[in-house]
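Asks: the following comprises the amino acid sequence and a computationally predicted model.
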Amino acid sequence: MATAVTTRDKRVAELNVISRKQRSLWGDAWYRLIRNRGALVGLVVIAFAALIAIFSDFNVLGIHIKLAPYDPRELNGPKQLMEPIWTKLFGSKFTDPAYIFGSDELGRDILSRLMYSSRVSLIIGFVPVSIVLAIGITVGMLAGYVGGVVDDFLMRVTDVVYAFPDLLFVIIIVATLRGTGLGDAFDGLLVIFVGIAVVNWVGVARLVRGQVLATKNREFVEAARSIGAGPGRIMRKHIFPNILAPVIVTAAFAIPGAMLTEAVLSFLGIGIRPPTPTWGVMINEGFIVFSTTPWPVLLPSLCISLVLLAFTFVGDGLRDALDPRSKM
Amino acid sequence: MLRYVIRRLLLVIPTMFFVALITFTLAHMAPGSPFDLNANRPLSQATIDRINRYYGVDKPIPEQFVIYMGNLLKGDLGTSFTRQRPVVDIIGQGIGTTFQLGLGALAFALAFSIPLGIVSALKQNTIVDYLSMLVATIGTTIPGFVIAIFLIYIFGVSLHLLPFVGWGSWQHMVMPIFVLSLGAGGFLTRITRASMLEAIRQDYVRTARSKGLHERAVIVGHALKNALIPVATIIGPATAGLITGSFIIETLFNVPGMGRLYIISIGQRDYPVIMATTLLYAFLIMIANLTVDIMYGVLDPRIKVR
């Protein structure tokens, strides 16, 4: 009798342990991700940047929140090149409490410009990468699963695109389309989307193709086929979820890559058109006065470094979380 | 093996053709001609027609492309539209500087990344490891031009230690080479660390230890030798990346190399220079990729190339 009770207690305890530890695969990955300190800090920084981007000037459904103290394009002649207020402690005479981070060579408020810049950066980070994923996954799945013409086409395109230096190809595309309607749309934003998408979809398609080839002859796919699932269903329900992990990791690294491309283009003066502020544009414009006042260049440089580092830490964390075997 | 190499070499030809076709079409589709630069002194239509005829840009684009490719096969890259000199001369002038910059950066990157990667693998999960991984992450993540800006501010503007415009003396080379090496160096550090970590867990390393070899001999003679295979194969694309990636650094530091020339030519719509530089870059990248794939087969007999 006594033994029976103890075994039942043991069994209950065992069940408790099991039920507490139960998590889905994705839940498990998420748990591993937020336990990674670097990734957590990265997520916080990204969330902060996103909040700033949204609420720098938020006006939806009658709710108006405006964090940015000034219009980022508002000129103030007499207040040119004010230095940030903390430089007062080191003896700077050119500060103004109204301009916390100082002002640039046209008297525009640097803080407001930094805040608005985060918008463009995040849009550049997410929109072209979504386009790249959509095209890359579709072509890659078709090439891997169906093969044939799509596969041949993909492989030939890959040869050509891999031979182009990425950034130079984007530069050619952007510079070429600059004078056209496409180049002028949204202050040059659209043509950067196109440039990034054209250059980057091939990498994703190649990755997806390889993954599909490795997956499509596995037992579970065969099982699905044997009970009569069509190719569309097999691709969507059986193969896609299984190749998602490396795609997510690639996307996580593609986001800072796209942001960097915009910054480089704008820094070279062929990206986003002034006066629309982005960090790259600010660096480009501030460079003229760099040896007099470094702040209009240093502050956006700092912002872009922080955001890119944040995304990289999250990407590293995601890779470790989704593929615990990789040691890179 | 030989068949594989020959097939890859033959594939270079159609790829180069398509690179040329795409670049040519894009460059010529762009609105604006190289000769409408001076808005204050507009040229008469007759003059524009004459100039266009002289440079052959009045013909339809497909015809121009055929003529260009014909000349290219004869080794004639044409004449620059804005500099009135053969493109070969102009590129010849810049390429030396770009190679100096790129190879200098490669040497520096290798010199710091391989020891750093080895040390952090051997001291995995210690403060040394974390610090060198942080350095590597910063190197690969923060764009070169941003790091360059901080360095220019510290060493150029504030301390007046190093010049930051131009090229020539060793002082001019310090900052551009350092900045350019960081990206590739960070990447190489991570690769070295990862492959070293894998190597020291292999059976042959355990065997070497168990037969009583010195730790030093185990690490250098057995683990390192194998760990460096992936690193060696990365050096090819890293070099291509350094040579092609230098154009931002060249623009920033006013280094008279190919990258700066490329950016200027795009602004001026100098088609022959754009074409020649793009083709040269593409060729370098393809050769680098090819070298890697062949190196893999030679260095690591476990891998069978087809």
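Replies: Perfect, thanks for sending it. Numbers count the residues shown, from 1 in each chain, chains lettered A, B, ... in the order given.

Asks: residues of the stretch 1-150 of chain B that sit close to chain A?
Replies: Residues of the stretch 1-150 of chain B lying close to chain A by Cβ under 8 Å from any Cβ of the partner chain are B:11, B:14-16, B:18-19, B:22-23, B:26-27, B:29-32, B:137-138, B:140-143, B:145-146, B:149-150. (Each C-beta comes from the backbone N, C-alpha and C, glycine too.)

Asks: make it 10 Å
Replies: Contact residues, the stretch 1-150 of chain B versus chain A (Cβ under 10 Å from any Cβ of the partner chain): B:11-12, B:14-19, B:21-23, B:25-32, B:121, B:124, B:130, B:133-134, B:137-138, B:140-150.

Asks: which PyMOL command selects the buried ones in those residues?
Replies: Here is the PyMOL selection string for the buried members of the residues of the stretch 1-150 of chain B next to chain A, based on 16 or more other Cβ atoms under 10 Å in any protein chain shown:
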select buried, chain B and resi 12+15+16+18+19+22+23+26+27+28+30+121+133+137+138+140+141+142+143+144+145+146+147+148+149+150
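
Asks: check contacts around residue 149.
Replies: Assuming you mean chain A. A:Leu142, A:Ala143 (Cβ atoms under 10 Å, 6 or more residues apart in numbering or on different chains).

Asks: could you do chain B instead?
Replies: So B:Ile149 contacts A:267, A:283, A:286-287, A:290, A:294, A:297-298, A:300-302, A:305, B:143, B:156, B:164, B:179, B:252 (Cβ under 10 Å, 6+ apart).

Asks: which stretches in the stretch 201-328 of chain A count as helices?
Replies: Using DSSP state H, counting those that start in this stretch, the helices of the stretch 201-328 of chain A run over A:219-226, A:231-233, A:240-268, A:279-286, A:295-322.

Asks: could I get the ones you listed as TSV with mean neighbour count, mean pLDDT and distance to A:Val160?
Replies: Shown next, in TSV, are the helices of the stretch 201-328 of chain A (neighbours: other Cβ atoms under 10 Å in any protein chain shown; pLDDT from 0 to 100; distance: least, Cβ to Cβ, whole Å):
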stretch	mean neighbour count	mean pLDDT	distance to A:Val160
helix A:219-226	12	87	32
helix A:231-233	11	85	29
helix A:240-268	22	87	19
helix A:279-286	26	86	28
helix A:295-322	22	87	27
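
Asks: and of those helices, who's closest to A:Leu168?
Replies: A:Leu168 lies closest, by Cβ to Cβ, to one member of those: helix A:240-268, at 11.0 Å.

Asks: is that closest one up against chain B anywhere?
Replies: Yes: with Cβ under 10 Å from any Cβ as the criterion, chain B is reached by helix A:240-268 at A:Phe253, A:Pro256, A:Met259, A:Leu260, A:Thr261, A:Ala263, A:Val264, A:Phe267, A:Leu268.

Asks: now stretch A:189-197
Replies: No: judged by Cβ under 10 Å from any Cβ, stretch A:189-197 stays clear of chain B, getting no closer than 10.8 Å.

Asks: just to revisit the earlier point, dump the helices of the stretch 201-328 of chain A to CSV, plus distance to A:Ile137.
Replies: Shown next, in CSV, are the helices of the stretch 201-328 of chain A (distance: least, Cβ to Cβ, whole Å):
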stretch, distance to A:Ile137
helix A:219-226, 17
helix A:231-233, 14
helix A:240-268, 7
helix A:279-286, 29
helix A:295-322, 16
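
Asks: B:His222: which of those helices is closest?
Replies: The closest of those to B:His222 is helix A:295-322. By Cβ to Cβ, the value is 28.0 Å.

Asks: tell me the spacing between the most centrally placed residue in chain A and A:Leu89.
Replies: Centroid-nearest residue in chain A: A:Ile255, 2.5 Å away (criterion: Cα atoms, centre = their mean). Going from A:Ile255 to A:Leu89 by Cβ to Cβ, to the nearest Å gives 37 Å.

Asks: quick check, distance from the helix or strand containing B:Thr189 to the centre of its chain.
Replies: In this structure, B:Thr189 sits in helix B:170-199 according to DSSP states H and E. For helix B:170-199, the distance from its own C-alpha centre to the chain's C-alpha centre is 14 Å (Cα atoms, centre = their mean, to the nearest Å).

Asks: wondering if it reaches chain A at all.
Replies: Yes: residues of helix B:170-199 contacting chain A under Cβ under 10 Å from any Cβ: B:Arg190, B:Ile191, B:Arg193, B:Ala194, B:Ser195, B:Leu197, B:Glu198.

Asks: tell me what that helix is packed against?
Replies: With contacts taken as 3 or more Cβ pairs under 10 Å, 6 or more residues apart in numbering or on different chains; DSSP states H and E, helix B:170-199 sits against helix B:87-122, helix B:127-141, helix B:144-151, helix B:225-244, helix B:246-253.

Asks: make JSON lines out of these and add mean pLDDT.
Replies: As requested, the helices and strands packed on helix B:170-199 are exported to JSON lines (pLDDT from 0 to 100):
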{"stretch": "helix B:87-122", "mean pLDDT": "88"}
{"stretch": "helix B:127-141", "mean pLDDT": "88"}
{"stretch": "helix B:144-151", "mean pLDDT": "86"}
{"stretch": "helix B:225-244", "mean pLDDT": "78"}
{"stretch": "helix B:246-253", "mean pLDDT": "84"}
